[in-house]
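Engineer: need a structure here:
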Amino acid sequence: MNVAENIKRLRTLKKISQKEVALALDMDQPQYSRIEGGKVEPTLTTLERIAKIFEISVSELLKENNDIDKEINLPLLEKVKQIDALEEKEKQSILTIIDMALAKKRFKDNLSQLLVV
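Structural biologist: Alright, predicted model coming up:
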């Protein structure tokens with residue numbers, strides 16, 4: 001997978017249009033489309049700006065054979081950001097539920113290990 005494919009995959013995962021990314025980069029949409037289409041190689045400065053928009057490192061954009069949607073769970077990351085924007089009481093309630101779910105999973109894992117032995 002090349003840089004252009006990584007950029008397109010990230011944009012698609014984040015459900016952002018090419019026009020939105022182009023606006024954030026302060027460039028024309030056709031120019032951004034050429035970058036995403038692999039017709040134009042972006043400069044290092046442009047790669048840094050794209051990485052910032054997608055909240056990843058430039059190295060993530062440059063990785064070959066990058067299965068970026070498996071390495072970075074963008075939908076989960078978006079939900080975490082939304083949770084972080086909640087009021088403190090709501091945030092604590094959600095964190096308590098998450099802690100309970102994780103404790104339940106650990107309990108099941110431990111129990112299944114004991115039953116296998």
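Engineer: name the helices or strands packed onto the helix or strand that contains residue 96?
Structural biologist: According to DSSP states H and E, residue 96 maps onto helix 88-116. Secondary-structure packing of helix 88-116 (3 or more CB pairs under 8 Å, 6 or more residues apart in numbering; DSSP states H and E): helix 74-84. Heads up, the C-betas are built off the backbone N, CA and C, glycines and all.
Engineer: Just want the angle from the helix it packs on to helix 88-116.
Structural biologist: Per axes from the mean of the first three to the mean of the last three CA atoms, to 10 degrees, the angle that helix 74-84 makes with helix 88-116 is 130 degrees.
Engineer: export helix 74-84 as CSV, just CAs?
Structural biologist: What follows is helix 74-84 as a C-alpha-only set of coordinates in CSV (Å, rounded to 0.1, in the frame of the first residue of the first chain):
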residue,chain,number,x,y,z
LEU,A,74,-10.7,5.4,14.2
PRO,A,75,-14.3,4.9,15.1
LEU,A,76,-13.3,4.0,18.7
LEU,A,77,-10.9,7.0,18.8
GLU,A,78,-13.8,9.3,17.7
LYS,A,79,-16.0,7.9,20.5
VAL,A,80,-13.3,8.4,23.1
LYS,A,81,-13.0,12.0,22.0
GLN,A,82,-16.8,12.4,22.3
ILE,A,83,-16.7,10.9,25.7
ASP,A,84,-13.9,13.2,26.8
